[in-house]
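Colleague: Predicted structure and sequence below. I'll ask about it afterward.
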Amino acid sequence: MSLNEIGMQKIWEGNKQKRLDELFKIDNSKDTTASESTMISISGDVSKVKRIGAQMKNGGITINGNVGMHLGEEMAGGKITVNGDVGSWAGSMMKNGAIEIHGNAGDYLAAPYRGSTKGMHGGKITVHGNVGNEAGAYMKKGTIKIHGNTGQFVGLRMHDGTIQVQGDCDARAGACMIAGKIVIEGKLESILPSFTVDTIKPKVKIEENETVQGPFYVFLGDLAECGNGKLYVSKQNNPQLTIYDKFL
Amino acid sequence: MKNGFVYDPLHGIDGQKMDVAVKNGKIVESVDEHKVTTIDASRMIVMPGGVDIHTHIAGAEVNSGRLLRPEDHYKDIERKTSITRSGVGRSIPSTFTTGYRYSRMGYTTIMNPSMPPLEARHTHEELNDTPMLDKATYPLLGDWWFVLEYIAQNNIKECARHVAWLMKSTKGYAIKIVNPGGLEAWGFGHNVKNLDDQVPHFCTTPREIIRGLCKTNKLLNLPHTIHLHTNNLGKPGNYQTTLETMKCVENLAADNKPVIHITHCQFSAFKGDDWGTLQPGSEEIASYVNTHSHVTMDMGQIIFTDTTTMTADGPFQYDLYGLTGNKWINHDVETETSAGIVPFRYRRKSYVHAVQWSIGLELALLIKDPWKIFMTTDHPNAGPFTFYPKIIGWLLSKKAREATMRRINPRARSQSLLPSIGRELSFYEIAVVTRAGQAKALGLKNKGHLGLGADADIAIFDINPEKTDPSRKYKTVRKAFRKAAYTIKDGEIVSKNGEILKHVDGATMWLDVKVNEPARITDDIKKRFKEYWTVEYENYPVTEEYLKKSNPLPVEAKV
């Protein structure tokens, strides 16, 4: 596609259709070292632009700036890198590929659209900052790595896959989960009463060739849903959980 | 319309080349050719506008379904144009979108079944906002307290007067019965299992309710028969209940006229002891219907897709929730009826769903007389109405059926009777099952045909029946039925090649039943309204001013 053709692409602004070159300055990459597959680089604040990279299948998108909602919705391949913050529903319902966010992410990371139960089906999301509520809701497969803290309900109604939280977690982690793995290395004030303590493990595997050293309490749940999910919570950072020791 | 291949089964016209003239919204003998708009319909099929006898498109239940399923809407967006309003779709489209989509497929009249009388006002508000179509709605009377009481006392005359009052106050069109007795029992967590079970707290049985309302229907001279959703619907082995139901009104029939309409019969034709041994019961039902003339039915054809099931049959919906574990809504409409909504996906590879798919088509093909079985999906229960062209394809072409059959569950395929059925419907028969037959069963005098004085509701499809062989080119036919070349409503071109050209408000038809002696509204009845309903007797009726475009049809009752 020539530069001109790209500029002629239609895009919605509010309820009006516009041309892409009316809203963006489009330029050819001067970087000749870029890989052969399509690479798109967006510079500037696009925090009001939604659905960037939705349904993408391959190639790469790099965004230098903040991004709006529904980034990489239903993406099936390729890679999105964001050097900034991201709105809600990033990686919603994604099937494959990778998203790396160097800032914070909003609520509903990888969660499906309201009412739907088709969560993340594969791929990997890495967030170097903090994340809002309900990250990884209805997740079925794949990995989410969060280097910062998370809001409430991480892994809500999760069916499978792995969520790793290196920072602290707000309340109700793993609510209604049926299977899968949530690893919390920071602080989690209290465990939901519908979880039962199982054992203490010295380390936990996140991915191939990657393990995290513990020790970790292992909780099973959510029993309210007859679930068998595993919630790993750091023993060292959660002295308030020593009350569970007597049940072991 | 000049030189079209006209299919008008009510007048026996089978694809003859003809002109159709329209003036002031009616079909006329001829018009002055110099002063009119002419449509060149040569190489096209001209049919009366489509009539749908059973489609849930309005009311509290449908609206709750919309609220329950945001995920159903967001991928199917209808954009605003200078003529049409925006909306969302899929299995439960918003009201305006419903109207546009029906109109695009050449439909002009639809019937909204299952309206709890209490929700009449809401239903009519939504029907007012469903454009492009003439419509009517059936109040649910099979579990209405007063009806049950009159039937228990065997006081059919008073029952008839009461139903006449209710038909007028809810602006209804026909008597709808859903799982008679079962819904009242469901209020106490029970169900009825066969026609002779006692309905708790009312000394009556489903058999008496069906017979009582059938007699009521005759006394009132209503244009349609009773519209029945059978007991035990959706349970393996229920074909026997269906046969018994049809038999129980056999002796009420006279002059070869139908007295009962079994709706979405596919769900009532299961043989077997449980889901694992489910088999089609369509052969038994078809052979009964073929030898009796007092029954009409509609298909309720399964479409393999994601949809939303909604019926007033609360106990059935509860079972469905138990099967799927999906989110659901359960609703008790005060003293009148119940309701349930469960999202559902019909899968090709599921044995039960594939058998259900087969049953619907078997019924339509094994029942020899197309005037007895009509095409519906019981929208949205078995699939959204937007899939009708697909069903037309299956009915017209064995090849289309075989193409789908190759992809369904292999065990279901071996159970299916479809491979042994060679019958392929003609365009004439399609016109019967989608329009003429339905209009006739509904007693709509001005719909479903192109005779003089009929409403000028016409659909033109871009197929040349001389050139296109539907049994081989079913995909072409499907495409043509998906977007009518022209849809004409009351003499105006409202849609062309799938584009809405004009927004028109259709009329709401209702029965103005004239009885010799009005229903006795005793102090006791008023007192009960006060005690058990949230709406009092005085505020209960929906007045005619409430309808945007009212079309009362006078009926002379015999009581």
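Modeller: Looks like it arrived, so ask away.
Colleague: contacts, neighbours, all on C-alpha from now
Modeller: Noted.
Colleague: Contact residues of the stretch 1-150 of chain B facing chain A?
Modeller: B:68-71 (C-alpha under 8 Å from any C-alpha of the partner chain).
Colleague: so how far is the helix or strand containing B:His227 off the chain centroid?
Modeller: Using DSSP states H and E, B:His227 falls within strand B:226-229. The chain centroid and the centroid of strand B:226-229 are separated by 10 Å, computed with C-alpha atoms, centre = their mean, to the nearest Å.
Colleague: next one: stretch A:78-96
Modeller: Worked out by C-alpha atoms, centre = their mean, stretch A:78-96 lies 7 Å from the chain centre.
Colleague: ditto for stretch B:109-124
Modeller: 12 Å.
Colleague: Tell me who's in contact with residue 96.
Modeller: Going with chain A. Counting by C-alpha atoms under 8 Å, 6 or more residues apart in numbering or on different chains, A:Asn96 touches A:75-78, A:121-124.
Colleague: my bad, the chain I had in mind was chain B
Modeller: B:85-87, B:129-131.
Colleague: before we move on, back to that, go through the contacts of A:Asn96 and name the one nearest chain B.
Modeller: Among those, A:Met75 lies closest to chain B (C-alpha to the nearest C-alpha), at 15.4 Å.
Colleague: Just the pLDDT for the closest one.
Modeller: We have a pLDDT of 95 for A:Met75.
Colleague: Give me the three-state assignment for A:Lys230.
Modeller: strand (DSSP: H, G, I helix; E, B strand; the rest coil).
Colleague: isn't it right up against A:Tyr217?
Modeller: No: when contacts are counted by C-alpha atoms under 8 Å, A:Lys230 is not listed as touching A:Tyr217 (9.9 Å).
Colleague: List the buried residues for the worst-scoring helix or strand of chain A on mean pLDDT?
Modeller: Sorting the helices and strands of chain A by mean pLDDT, DSSP states H and E puts helix A:3-8 at the bottom, at a mean of 89. Neighbour-count burial for helix A:3-8, with 16 or more other C-alpha atoms under 10 Å in any protein chain shown as criterion, is recorded at A:Gly7.
Colleague: And chain A, what are its domain boundaries?
Modeller: Per automatic domain parsing, the structural domains of chain A span A:1-30, A:38-247.
Colleague: Just the buried positions in the shortest one, please.
Modeller: Going back to what we said before, that points to domain A:1-30. Buried, per 16+ other C-alpha under 10 Å, within domain A:1-30: A:7, A:20-21.
Colleague: In contact with residue 214, which residues?
Modeller: The chain I'm using is chain A. A:201-204, A:234-236.
Colleague: nope, chain B please
Modeller: B:225-226, B:249, B:252, B:259-260.
Colleague: of those, closest to chain A?
Modeller: When the contacts of B:Cys214 are compared against chain A (criterion: C-alpha to the nearest C-alpha), the nearest one is B:Ile226, at 37.1 Å.
Colleague: Tell me which residues touch that closest one, please.
Modeller: B:174-177, B:213-214, B:217, B:259-261.
Colleague: With respect to A:Val67, which of these is nearest?
Modeller: B:Lys176 (53.7 Å; C-alpha to C-alpha).
Colleague: Smallest gap between the stretch 151-300 of chain B and chain A, at which residue?
Modeller: B:Gly189 (23.9 Å).
Colleague: and that residue, how many residues sit next to it?
Modeller: Other residues near B:Gly189 come to 11 when the count uses other C-alpha atoms under 10 Å in any protein chain shown.
Colleague: Any figure for the gap between it and B:Thr309?
Modeller: For B:Gly189, the distance to B:Thr309 equals 20 Å [C-alpha to C-alpha, to the nearest Å].
Colleague: residues making contact with the helix or strand hosting B:Thr123?
Modeller: Applying DSSP H and E as the criterion places B:Thr123 in helix B:120-128. Under the contact criterion C-alpha under 8 Å, 6+ apart, helix B:120-128 has outside partners B:58-60, B:95, B:115, B:135, B:139, B:170-171, B:505, B:508, B:542, B:546-549.
Colleague: out of the residues you listed, who's nearest A:Gly161?
Modeller: Nearest to A:Gly161 among the contacts of helix B:120-128, with distances taken as C-alpha to C-alpha, is B:Ala60, at 39.4 Å.
Colleague: For A:Glu100, see how far away that closest one is.
Modeller: Noted for B:Ala60: a distance of 45 Å to A:Glu100, by C-alpha to C-alpha.
Colleague: Could you tell me which residues within stretch B:4-13 count as buried?
Modeller: B:4-10.
Colleague: Just the ones of the residues you listed in strands?
Modeller: Secondary structure from DSSP state E places B:4-8 of those in strands.
Colleague: coming back round to it: out of the contacts of A:Gly214, who's nearest B:Met105?
Modeller: Using C-alpha to C-alpha, A:Val204 is the member of those that lies nearest B:Met105, at 58.3 Å.
Colleague: Please identify the helix or strand for that closest one.
Modeller: Going by DSSP H and E, A:Val204 is in strand A:196-207.
Colleague: contacting residues for the residue nearest to B:Asp40 when sequence neighbours are not counted?
Modeller: Leaving aside its sequence neighbours, B:Asp40 sits nearest to B:Lys2 (C-alpha to C-alpha, 6 or more residues apart in numbering or on different chains; 5.3 Å). By C-alpha under 8 Å, 6+ apart, the contact list for B:Lys2 reads B:18-20, B:38-42.
Colleague: which among the residues you listed end up buried?
Modeller: Neighbour-count burial (16+ other C-alpha under 10 Å) is assigned, among those, to B:18-20, B:41-42.
Colleague: if we can go back for a sec, of the contacts of A:Gly214 - the most surrounded one?
Modeller: Going by other C-alpha under 10 Å, A:Ser234 tops the contacts of A:Gly214 with 26 neighbours.
Colleague: mind listing the helices in chain A by residue range?
Modeller: With DSSP state H as the criterion, chain A has helices at A:3-8, A:20-23.
Colleague: wait, which of those is closest to chain B?
Modeller: Per C-alpha to the nearest C-alpha, nearest to chain B of the helices of chain A: helix A:20-23, 20.5 Å.
Colleague: Show me what that closest one is packed against.
Modeller: Other helices and strands packing on helix A:20-23, by 3 or more C-alpha pairs under 8 Å, 6 or more residues apart in numbering or on different chains; DSSP states H and E, are helix A:3-8.
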